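**Q** Next come a sequence and a model predicted from it.
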Amino acid sequence: MTTQPPRSAQDTPWLSAVASERAQSWSSSAAIIDAETPDFAAIPRDKTGARATAILALYESDLTNRPALQCLEWIANEIRLSKKLRQFAFSLTSETEKRRAEIDRRLDRYSRRSTMADILPVLRNILRIAIVEMELFPQTRTAVIISEAVKLAQTFDTEGSGRYVNGILGAMARDTGRK
């Protein structure tokens, strides 16, 4: 059973790689990028950081209508991801961008009280990335992917977001038989 997504992003522990106004916005028309004060040093240079990079690129793409891979390139350069981690982030981002509509339809079936369009953009992208990772990287344990998604939801939004992400991804994993 899934819970309703958190609807407030106020006073949340956002990495400041994006402006707080943008992080709190529900629509792309209200989004403004604050490229002057990003805190990319807060993002780790490991697989979690590569996932965060992909999420930020997709998030920026959602809000600005710029191609996600263009956003990814800039963010990955600022974070100074290694070549291997860039490739991982690239794989997640490009596949997610290609399949956004299909992934959102699948996720809509599991979010009983809302649609993906109603969910904060960052949560949408955390869920999208996790689904793609489950499909592209079957060698990665499902528990690891879900745990990383929950951790990123708590980092980018609130603790309640982690429960929401866990509920949706856990239900999907059970229904697809992924272990």
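**A** All right, it came through fine. Numbers count the residues shown, from 1 in each chain.

**Q** residue contacts, the residue most central in space within the chain?
**A** Centroid-nearest residue in the chain, with C-alpha atoms, centre = their mean: residue 126, separated by 2.4 Å. Going by C-beta atoms under 8 Å, 6 or more residues apart in numbering, residue 126 touches 55, 149, 152, 153, 156, 165. All C-beta spots, glycine's among them, are computed from the backbone N, C-alpha and C.

**Q** Go again with 7 Å.
**A** Taking C-beta atoms under 7 Å, 6 or more residues apart in numbering, we find residue 126 in contact with 55, 149, 152, 153, 165.

**Q** Do I have it right that residue 63 meets residue 121?
**A** Yes - contact status for residue 63 versus residue 121: in contact at 6.3 Å, counting by C-beta atoms under 7 Å.

**Q** show me where this structure has helices.
**A** 20-24, 47-64, 68-79, 83-98, 100-110, 121-136, 142-156, 159-176 (DSSP state H).

**Q** mind checking which of those helices is nearest residue 40?
**A** Proximity to residue 40 (C-beta to C-beta) singles out helix 68-79 among the helices of the chain, at 4.5 Å.

**Q** can you list contacts of that closest one?
**A** Here helix 68-79 has contacts from 38, 40, 43, 45, 49, 53-54, 56-58, 60-61, 86, 89-90, 93-94, 97, using C-beta under 7 Å, 6+ apart.

**Q** Show me which of the contacts of residue 126 is closest to residue 113.
**A** Of all the contacts of residue 126, the one with the least separation from residue 113 (C-beta to C-beta) is residue 165, at 14.5 Å.

**Q** Could you count how many residues lie near the residue lying closest to that closest one once chain neighbours are set aside?
**A** With C-beta to C-beta, 6 or more residues apart in numbering as the criterion, residue 165 has its nearest non-adjacent residue at 4.4 Å, and that residue is residue 153. Residue 153 has 28 neighbouring residues, counting by other C-beta atoms under 10 Å.

**Q** Just checking, which helix or strand of this protein averages the lowest pLDDT?
**A** Least confident helix or strand, the chain: helix 20-24 with a mean of 41, by mean pLDDT, DSSP states H and E.

**Q** Understood, closing this out.
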